[in-house]
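# Next come a sequence and a model predicted from it.
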Amino acid sequence: MDSYKYYKYKIKYIELKNKLTQNMIGGVLPIENARNNVSYLTSIVIDQNTTADEIHQLSLILPTNTHIVRLYIKNPTVSIGSILSLLANNNTIISALYIENNIDIDALTRALISNNTIKEFIYNGSLTTENLFKITKMLEKNKTINYFGLYNNNLNNDRLQLIINMLAVNKSIYTLKLYGNEIDNIGAQLIANMLAYNTTLTTLDLDENNIDDTGVQAIATSLTINKKIQKLYLGNLFGQIGINAIRTMLETNRTILEMSIPRHNTYINQALQRNRDIFDLYVKDKQKVKSESYSVDVADTISLQKEMYLPRELWDYILRLNLNPEQITELIKIRKQEKSGEKPRAIDNQCPCLGACSGTQSNPCVTYRNRPR
């Protein structure tokens, strides 16, 4: 992630933190605002300063509140059973739940198994292996959560395998964020094995782990098979060997749209832009994306072939011409001009295929004349 994006996200984090401080249940104002259903109060924080009486008041307010959609529970010192009961009975519109330590995991998992409003679930902090097992078993049964984050846990190989086993059953989680979990190269190989058969995940965040060149190579290899992942974050501990593995993977992978690399690399950035251009022409204008959790396999979805701007055979055409990312981007522009009825303009009378051929703009090569339409 470049420095501009880093600081942009950092500013957003600070703004969110300041906003949440104002929304903490530990004073009169947030409770009154929640009771009055004010539109700007969309997040509520329950923390160690929240009293039992305030929990009781909140449990009476949430069923009728129409604006609070995010609930943060951070180290509560009083029982929140009444709140969890509301979630279990789907008596709120809460769609995002963030947990930070010190909570009854049994009560939490029971609530989430039957809940059908929460789409985003993040747990930040230490979990025992037993409690992690309970969460993964809940996720195997829950069909609503599509964004799962587990932050700052020590995921050794056995604990990581619990999550991988869950993903073999769960078909609703599109975003998986395992930030700061000390995952090493062996763990990266386990994840790579999972990616080879997983057809659901579109976003994978492995930032702030212990994955170096060896782990990145394993994941990059699996992404020559996986055609679902669109956003990938691997941290910054790998070097040129890992970057070379990513470059090789991007020669054939057309679905990754965004990823983090330790330093600027022109080829990788061009390849990602090429993929974004292809995605825009294939999907963006045809499907309204409601959140970041979506999945469209443009290469293999037969039902989309006739509707999308680029036919499935274009992949073979592109590979046959052995084009680089800049040439593919230019080719897409030319085909877009054709679609709109404009006469495609080639560079310096070059053949519209942009490949190394003897054709010209007025007399294209056989490959271009026989291209899929």
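Yep, it's here.
# domain parsing for this protein?
3-301, 313-369 (automatic domain parsing).
# Now the weakest link among those domains, please, by mean pLDDT.
Of all these, domain 313-369 carries the lowest average pLDDT, namely a mean of 62.
# what about the closest residue to Val78 other than its chain neighbours, distance to Leu58?
Take Val78 and drop its neighbours on the chain: the residue closest to it by C-beta to C-beta, 6 or more residues apart in numbering is Ala52, 4.5 Å away. (C-beta placed from N, C-alpha, C; glycine too.) Per C-beta to C-beta, to the nearest Å, Ala52 is found 11 Å from Leu58.
# Compare the two (neighbour count), which wins?
Ranked by neighbour count (other C-beta atoms under 10 Å), Ala52 and Leu58 place Leu58 first, with 24 against 13.
# ok, now which ones touch the more buried one?
Leu58 makes contacts with 25, 31, 34, 44, 46, 83, as judged by C-beta atoms under 8 Å, 6 or more residues apart in numbering.
# Mind telling me what element it is part of?
helix 52-61 (DSSP states H and E).
# immediately after that helix, which helix or strand?
By DSSP H and E, the next helix or strand past helix 52-61 is strand 70-74.
# Give me the buried positions along the helix or strand following that next one.
Downstream of strand 70-74, the first helix or strand assigned by DSSP H and E is helix 81-88. Neighbour counts over helix 81-88 (16 or more other C-beta atoms under 10 Å) mark 83-84, 86-88 as buried.
# what angle do helix 81-88 and helix 52-61 make?
20 degrees (axes from the mean of the first three to the mean of the last three C-alpha atoms, to 10 degrees).
# State the next helix or strand along the chain beyond helix 81-88.
strand 96-100.
# Adjacent strands (with direction) for that next one?
strand 70-74 (parallel), strand 120-124 (parallel) (DSSP bridges).
# I'd like the ones you listed as JSON lines, with distance to Leu178 and mean neighbour count appended.
Formatted as JSON lines, those follow (distance: least, C-beta to C-beta, whole Å; neighbours: other C-beta atoms under 10 Å):
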{"stretch": "strand 70-74", "distance to Leu178": "20", "mean neighbour count": "20"}
{"stretch": "strand 120-124", "distance to Leu178": "11", "mean neighbour count": "20"}
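# Go through those and name the closest to Leu204.
Closest to Leu204 of the strands paired with strand 96-100, according to C-beta to C-beta: strand 120-124, at 15.1 Å.
# Downstream of the closest one, the next helix or strand is which one?
Next along from strand 120-124, by DSSP H and E: helix 129-141.
# before we move on, the earlier item: give the buried residues for the helix holding Leu58.
Neighbour count says helix 52-61 has 54-55, 57-59, 61 buried, by 16+ other C-beta under 10 Å.
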